[in-house]
Structures are given as C-alpha cells and as structure tokens.
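[1] Just the structure for this:
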Amino acid sequence: MSDAADRASPPPSGTFTPLHHRLFAVLWAATVLGNIGTFMRDVASAWIATEISTSPAAVAMIQVAGTLPIFLLAIPAGVLSDILDRRRYLIGIQIALGCVSSLLALLIWTGDISIENLVLLTFLGGVGAALATPAWQAITPELVPRSDLKGAIALNSLGINIARSIGPALGGFLLAALGAAAVYGIDVLTYVVVSFALLWWRRAADADDGLREQFGGALRAGLRYARASSDLHRILWRAVMFFAFASAVWALLPIVARQEIGGGPGFYGLMLGSVGAGAIAGAILMPRVRARLGQDGLVLAATLLTAASTALLALTDSAVIGIASTFALGIAWIAMLTTLNSTMQAILPNWIRGRGLAIYLTAFNGAMAAGSLGWGLLAQGIGVDMTLIFAGLGLAVVGVLARRAPLPSGEGDLTPSMHWPEPAVSEPVAHDRGPVMVMVTYQIRQADRETFLALLKRLSEERRRDGAYAWGVSEDAADPEHIVEWFFVESWAEHLRQHRRVSKADADIQAETRRFHQGDDAPAVQHFLALAPRRDA
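    You can find the predicted model right below:
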C-alpha cells in the first residue's frame, strides 16, 4: 500500500467512498472506459464471425480464442505482476492491445478479414487480457487505504458491469451505424486513455531488501501454495464445474441472437447490454439475498437461475423473452462471480494474492474455453436448442451436487504474525544456499499423542503453503515421547520469506500445537544447510 494512502484520513464509509481517493478514481474511470472499448471490440468480432461463417463451431472459436490465453498464461502473469513494476508492465500491455485492435481495423478496412486471422487476433487480445488481469487486481491495495480495500474491490466489479451494460449495446449500435472498423478504432482510443492515466500515476519504486523473488522461484512458490491449500481446492472445483456448463450460453449467444431470434448486430449488443444491466441489479440485490440464503445458498440460487436462463433461450424465439433471459443471466452471473472472487480474496494472504487469483483465473477461463469448444461442437451435431437444454439441465444437477462441498468461510486473520524469531546462525548465510532442513523437537505425553498429531497435520498444510516442499514427522526409537517435525525449504532466502508469510491464523494453530509440549522451554528449532559431498584429491 502506498504511503500516501496510509496517511490519508478515511472518509465516511459508503459504497462510493473509495472514489474520494483521486488516484483510485482516475484509474477506476479509465479502466471502465477501457472495458467499454473491449466489450465493443468483442461484439464486433463475434458478429463478424457470424458473417464470415455459419458454422457454430467456428463462431464458438471466437469465445475460445478470447478465453484460452487466460487459461494458458494467468499463472505466469500472476508471477510477473508480483515481480515487475506493475505500472510500466500495464502500460506496455495497453500499447500491445492497441496494436491488435489497430490491425483488426485495418483488415476490416481493406476487406482482408478471414475467420483465421479474426481468431488469431482475438487470441492475441486474450493474451493481453491474460497478462494484465492479475496486475490490475494487485494494484488496488496501492490506491486506497486498507479500510477502503473491500469497497474498492466491489467498485471494480461494479465498473466491469457498468462497462458490460454499456459496451455491448454501444458496440452493436456503432457496428450497425459505422461499421466494424470504426468500432475497433474507438477501442484503440480507449487504450490511449488508460495509458495516459497510468502515466499520470507516480508509483513509488518497490523496495529491494535482497529477498525479492525471481520468476522461477515465485512460480514454484505459487504452485506449492495451490497444491497445499484445501480451501483453494474447494473454490476451484466449484468454479470449474459451474463455468464448464455455463460457458454454453456465452459461446452460442451470437447464434441465438442472429438465427434463433432473427435479430441484427444492434439486437445482439442489446442482449449483452441486458446481461450487464442484470449484473448491476444483481449487485444491488446481492447483500440482502446473501443475508437471507447464506453464501452457499446464494451460489445454489445463482446456479439454478443460470440453468433456467440457458434453457429458456433454447425454448423461445421472442426478442422480449430473450432480453429477459439475459437480464436474469446477468443477475446470476454477478452473484456467482462476486461470491467466488470474494471468497478467493478472503482465503489468500497478500504475499500470494496475485498468483492465487491467477490460478483461479486459469481454472475459470480453462473451463470457459473447454466448455465453449465442446458445446460448439455439440451444437454442430444436435443443434443449438438441444445443446442449450442439455447445458441447463447439467448445470442444475451440478449445482445441487456441489452443495456437498461448501465454500470456505474465509474468516481467518491472514495478516503476517511476524512471531518467528530470527534463525540462529554462526555466520551470515548466502541467500541462494540450500536446501534448508528445519527441525522442531517436541516432548509429547503418550496420552496427548493422537490429538497432537491431528493438530500437526493441520500445521503441515500451513508449512507447505508458505514454502516447504517436503514435510514429515518422526519419533525417537528410544523415546516415543520425543517427536520431531521436519520440513525442507529450497533455499535460505525462501526460508526467510517463510518467516514473513506466517499469518496470525497460522500462529494460532502453532500455539495450539505447542500447548502439548512438555517442559518450560519452547520446542527446540534447528536449521540444517545442505553440504556438497567432499571430493577426495
């Protein structure tokens, strides 16, 4: 968080309180404008695909091309957002995305557009979005004080849905009135605005204390965390199951608008705008619904509403019912996205937030890309209507079954506890030296053994999340009450980072575990550094 944000006195709490901070307000407004341009571009690309090809699979490939890069690149992008200067990084991406839209405008202007180069450039646009998304999410704590962070995250979601309600409708109108080249040209201008807003931000340089992560180590740390976190697993499983089925309606909506209902590009934009309007309505209604149904009840309701909207689009050729269905879809969509995203934010400590959100984006967009491709191929074989009905029924079944794996509450205090003492060393240790073995020695009575080991198993998840690549527990053959917990960390620097990563919630588990240790002194902690075998002359 920036020093200026820390010094700022918090204004009275409210929905729009974060906009009192000028830096956040400027970047928020710029990103809303940029997202409007992106939605306009996507509408133009999807509609052009229907003009070039009547194949449902070919049209669905536009959805695949836009979402697949996030599946492929979100995790590396999350790492980059943690180790690079985020401001310069985001400016570079805006310039690249502007070049993509400029090339699309040129191809349309010259009449050289084809389904192949449309898919390719859509894919490149998706690459830019994949690289930028974790960084955009990660800069929010730098723009507002901590007291306004939740409100700022909520406003970011609201901004996306404002853009979703305006961008598609405006894009459809301009597509019909001015043509696709003009739509792409306006999108280029939005990237210019966002770039100037980022240039206006005078971001302080990141401090370097010698423990800054490099790409490879940061990537491994992120993957270790994901592998060890059971809470993360539950969220990812719920997200994949929902979005794999819900992707059908997004992949096939252009065909529903054009062939099933018989609308033009303006009507397609209106349908997407209806989704955005429904999302804004859903954001307003959601606190009351969540208070009544609870977190998992809200997710089930959103899943069933999405299923009903998907099936209804298959059963109607009425423009009015189509708009009503997409409005309901928007309500359900924002409820599901916000619940999953806020739960992810709640379980992720700050040091891994960018990478954790990137892993979630990978699962989300992987499910969307694979689902879009699969539903497009199925629609080519059995028709659009039957495909949407199957998707809706499958989504309803999945929503009911998923209740068996409730989402985590995310109520733990994840701020760093900083309670680990500095490791005892005879002389300074090089940061790249490793691996490091840490041993914690306990004296546990036989009567407390089972309870202690159960707590130690919970503690093992924390060790692995924070950096350990191997963990185990052993007993002394000569004295079974003498128990040693050990774990390996890949380097001395990574172990020092581990000291900073332990949260207050983790400290509570450690305190509960050490309560069973017998003796006046705390459990002994030792650090062992690997030695290379000595070669005889």
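
[2] Residue ranges in the stretch 301-450 of the chain under the pLDDT threshold?
    In the predicted model of the stretch 301-450 of the chain, no residue satisfies pLDDT under 70.

[3] in it, which spans are strands?
    Remark: strands assigned in the stretch 301-450 of the chain by DSSP state E, counting those that start in this stretch are 436-443.

[4] again, but for the chain
    Here the chain has its strands, by DSSP state E, at 436-443, 470-475, 482-489, 524-529.

[5] Can you add mean neighbour count and distance to residue 242 and give those strands back as a markdown table?
    Bear in mind the C-beta positions are built from the backbone N, C-alpha and C, glycine included. Shown next, in a markdown table, are the strands of the chain (neighbours: other Cβ atoms under 10 Å; distance: least, Cβ to Cβ, whole Å):
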| stretch | mean neighbour count | distance to residue 242 |
| --- | --- | --- |
| strand 436-443 | 19 | 40 |
| strand 470-475 | 14 | 33 |
| strand 482-489 | 19 | 35 |
| strand 524-529 | 14 | 44 |
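
[6] quick one: which of these is nearest residue 95?
    strand 482-489 (39.2 Å; Cβ to Cβ).

[7] Please parse this protein into its domains.
    Using automatic domain parsing, the domain parsing of the chain gives 19-204+213-404, 436-529.

[8] among those, which is the most enclosed?
    domain 19-204+213-404 (a mean of 20; mean count of other Cβ atoms under 10 Å).

[9] Kindly check the end-to-end length of that one for me.
    Domain 19-204+213-404 has its terminal residues 40 Å apart, counting by Cα to Cα, to the nearest Å.

[10] Among the domains of the chain, which comes closest to residue 411?
    Using Cβ to Cβ, these put domain 19-204+213-404 closest to residue 411, at 7.5 Å.

[11] Look through this structure and tell me its longest helix.
    As assigned by DSSP state H, the longest helix anywhere in the chain is helix 265-315.

[12] Remind me what that helix packs against, helices and strands.
    With contacts defined as 3 or more Cβ pairs under 8 Å, 6 or more residues apart in numbering; DSSP states H and E, the packing partners of helix 265-315 are helix 22-52, helix 149-177, helix 230-255, helix 319-347, helix 384-401.

[13] Which among the strands of the chain is found nearest to residue 367?
    Closest among those, using Cβ to Cβ: strand 470-475, at 30.9 Å.

[14] who does that closest one touch, helix- and strand-wise?
    helix 449-465, strand 482-489.

[15] Indicate which one of the ones you listed is closest to residue 358.
    Here helix 449-465 is closest among those (Cβ to Cβ), at 15.9 Å.

[16] May I have the closest one exported as PDB, CA atoms only?
    Taking C-alpha atoms only, helix 449-465 is exported to PDB below (Å, rounded to 0.1, in the frame of the first residue of the first chain):
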ATOM      1  CA  ARG A 449      -0.200 -38.100  21.100                       C
ATOM      2  CA  GLU A 450      -3.300 -38.500  18.900                       C
ATOM      3  CA  THR A 451      -4.600 -35.000  19.500                       C
ATOM      4  CA  PHE A 452      -1.100 -33.600  18.900                       C
ATOM      5  CA  LEU A 453      -0.600 -35.400  15.600                       C
ATOM      6  CA  ALA A 454      -4.000 -34.300  14.400                       C
ATOM      7  CA  LEU A 455      -3.000 -30.700  15.000                       C
ATOM      8  CA  LEU A 456       0.400 -31.300  13.500                       C
ATOM      9  CA  LYS A 457      -1.400 -32.500  10.300                       C
ATOM     10  CA  ARG A 458      -3.200 -29.200  10.100                       C
ATOM     11  CA  LEU A 459       0.100 -27.400  10.700                       C
ATOM     12  CA  SER A 460       1.700 -29.300   7.800                       C
ATOM     13  CA  GLU A 461      -0.700 -27.600   5.300                       C
ATOM     14  CA  GLU A 462       0.500 -24.200   6.600                       C
ATOM     15  CA  ARG A 463       4.200 -25.200   6.300                       C
ATOM     16  CA  ARG A 464       3.600 -26.400   2.700                       C
ATOM     17  CA  ARG A 465       1.600 -23.300   1.700                       C
END
